[in-house]
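*Asks:* missing the sequence, but the structure's below:
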């Protein structure tokens, strides 16, 4: 039975369907210029959900665009003039394009050290005794050479000096011998400095490798293996899984690492601690839609602060915030989520935080996030991060 005007209705319906198909084939249906999926990710991150309860933050600025995909940032704080501090990032591709890139706090490139063979994570530590003097060091994992790459910071020139590589994970086959994640730790009681490395793959127990770094006697740095530790969910949660993000709280002596499919783990960073082989906490197990990636800590001198962990999402990664000090009566209970924030960074791997003053525009510190599609790092003023949360997060006094 045809109703009056039925032909027009049919034609209108066909027109609407064709229009809808055309729209979907345009910018909304197929994102243009998107970077290739990161092979380090264990699965493609999902698109942000409109149901997300994350609160929006705006970056103050972005660093200069890199020629290849970045991975992880670190921050070196100048001992006298915080405005001369540096952002250090990795370009995670094979040699000769793989590189360490040094930015000023304005986001402009100051130095590029190329010919690294797929550098992944990078970290900074202060006052390593080398050749009779204390130097600040930058260390990166160099995955395809299966080593740590060490640099000395020249504070006067604002540049890095290459001290060469140190083989690690020796005797491990395949990707079990390919370092990715990295966190540096300086032990307060004696100034000893350690590197904690996470390979591309590892067992359920003893996934992380820890080395003590020291003067090799020839102006270079040596690494002495001290222990393996760390639990891993492996494939019990998801078929493809790994650990990459590692962050160390020097002041409190704890190391946190992200089991991408299963949560955040906490252990003592000191290999000589009586409870060094006991896991202290396992939190952040719900509320993530992508991989758990970069971890960073906003620290107050009194031992309080915030632990942030990245939820790696396409186009708009999120950052889950937990209390650094734990819960009343239990310093290892970090289960209470204080906020979830998002800032427009695409498929974020590494993040870094400093609670130090870093110049006039950054009086309370900064959050830096890798931004994959644009091949840069986004810089967020901590006062903007703090104000977005409900209730607001605290600010460190400008110092």
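*Replies:* Done, it's in. These numbers were taken from a predicted model, which means no experiment stands behind them.

*Asks:* can you give me the helices in the stretch 251-399 of the chain?
*Replies:* With DSSP state H, counting those that start in this stretch, the ranges of helices along the stretch 251-399 of the chain come out as 382-388.

*Asks:* quick one: residue 163 from residue 135, how far?
*Replies:* Distance of residue 163 to residue 135, computed by Cβ to Cβ, to the nearest Å: 9 Å. For the C-beta atoms, the positions are set from N, CA and C on the backbone; glycine is no exception.

*Asks:* brain fart, residue 128
*Replies:* To residue 135, residue 128 is 6 Å away according to Cβ to Cβ.

*Asks:* sorry, back to before: so what sits against both of residue 163 and residue 135?
*Replies:* Applying Cβ atoms under 8 Å, 6 or more residues apart in numbering, one finds that residue 163 and residue 135 are jointly contacted by residue 152.

*Asks:* need the nearest residue in space to the most centrally placed residue in the chain, chain neighbours excluded.
*Replies:* For the chain, residue 350 is the residue whose C-alpha lies nearest the centre (Cα atoms, centre = their mean; 2.2 Å). In space, and not counting its chain neighbours, residue 350 is closest to residue 72: 3.0 Å by Cβ to Cβ, 6 or more residues apart in numbering.

*Asks:* is residue 139 bridged to anything, and to what?
*Replies:* Assessed by DSSP bridges, residue 139 has beta-bridge partners residue 123, residue 150.

*Asks:* pull the contacting residues for it.
*Replies:* Taking Cβ under 8 Å, 6+ apart, one finds 122-125, 148-151, 182, 184, 195, 213 in contact with residue 139.

*Asks:* closest one of the residues you listed to residue 289?
*Replies:* Nearest to residue 289 out of these is residue 182 (Cβ to Cβ; 25.8 Å).

*Asks:* distance check, that closest one against residue 125.
*Replies:* The value you get for residue 182 to residue 125, if Cβ to Cβ is used, is 11 Å.

*Asks:* the more surrounded of the two?
*Replies:* residue 182 (27 against 22; other Cβ atoms under 10 Å).

*Asks:* name the element the more buried one belongs to?
*Replies:* strand 179-186 (DSSP states H and E).

*Asks:* how close does the closest residue to residue 200 other than its chain neighbours get to residue 202?
*Replies:* Take residue 200 and drop its neighbours on the chain: the residue closest to it by Cβ to Cβ, 6+ apart is residue 175, 3.8 Å away. According to Cβ to Cβ, residue 175 stands 9 Å off from residue 202.

*Asks:* likewise for residue 233?
*Replies:* Residue 233 is 11 Å from residue 202, by Cβ to Cβ.

*Asks:* so where's the chain uncertain?
*Replies:* 1-52, 237-239, 398-399 (pLDDT under 70).

*Asks:* elements contacting the strand holding residue 182?
*Replies:* strand 119-130, strand 133-142, strand 147-154, strand 193-199, strand 243-249, strand 254-259 (3 or more Cβ pairs under 8 Å, 6 or more residues apart in numbering; DSSP states H and E).

*Asks:* in the second one, which residues are buried?
*Replies:* Using 16 or more other Cβ atoms under 10 Å as the burial criterion, the residues of strand 133-142 that qualify are 135-142.

*Asks:* relative to strand 147-154, how tilted is it?
*Replies:* For strand 133-142 against strand 147-154, the angle by axes from the mean of the first three to the mean of the last three Cα atoms, to 10 degrees is 140 degrees.

*Asks:* how far out from the middle of the chain is strand 133-142?
*Replies:* Relative to its chain's centre, strand 133-142 lies at 18 Å (Cα atoms, centre = their mean, to the nearest Å).

*Asks:* what's the answer for stretch 334-342, then?
*Replies:* Relative to the centre of its chain, stretch 334-342 is centred 17 Å away, using Cα atoms, centre = their mean.

*Asks:* buried residues in it?
*Replies:* Neighbour-count burial for stretch 334-342 flags 334-335, 338-342 (criterion: 16+ other Cβ under 10 Å).

*Asks:* how about these in JSON lines, adding distance to residue 264?
*Replies:* Converted to JSON lines, those look like this (distance: Cβ to Cβ, whole Å):
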{"residue": "334", "distance to residue 264": "8"}
{"residue": "335", "distance to residue 264": "10"}
{"residue": "338", "distance to residue 264": "14"}
{"residue": "339", "distance to residue 264": "16"}
{"residue": "340", "distance to residue 264": "14"}
{"residue": "341", "distance to residue 264": "16"}
{"residue": "342", "distance to residue 264": "18"}
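
*Asks:* between those, which is closest to residue 224?
*Replies:* So of the buried residues of stretch 334-342, ranked by how close each gets to residue 224 (Cβ to Cβ), first place is residue 334, at 31.2 Å.

*Asks:* that closest one against residue 266, yeah?
*Replies:* Yes. With contact defined as Cβ atoms under 8 Å, residue 334 reaches residue 266; the gap is 7.2 Å.

*Asks:* now do the shared contacts for the two.
*Replies:* With Cβ under 8 Å, 6+ apart as the test, residue 334 and residue 266 both reach 281, 283.

*Asks:* can you give me the buried ones in the strand or helix carrying residue 230?
*Replies:* In the assignment (DSSP H and E), residue 230 maps to strand 221-231. By 16+ other Cβ under 10 Å, the buried positions in strand 221-231 come out as 221, 223, 226-227, 229-231.

*Asks:* likewise for stretch 357-374?
*Replies:* 357-359, 362-374.

*Asks:* same deal with stretch 388-396?
*Replies:* 388-389, 393, 395-396.

*Asks:* a markdown table for those, including distance to residue 273?
*Replies:* Below are these laid out as a markdown table (distance: Cβ to Cβ, whole Å):
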| residue | distance to residue 273 |
| --- | --- |
| 388 | 36 |
| 389 | 33 |
| 393 | 30 |
| 395 | 32 |
| 396 | 27 |
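
*Asks:* separation between the spatially closest residue to residue 203 that is not a sequence neighbour and residue 205?
*Replies:* Counting by Cβ to Cβ, 6+ apart, residue 232 is the residue found nearest to residue 203 once chain neighbours are left out, at 6.9 Å. Using Cβ to Cβ, residue 232 is found at 7 Å from residue 205.
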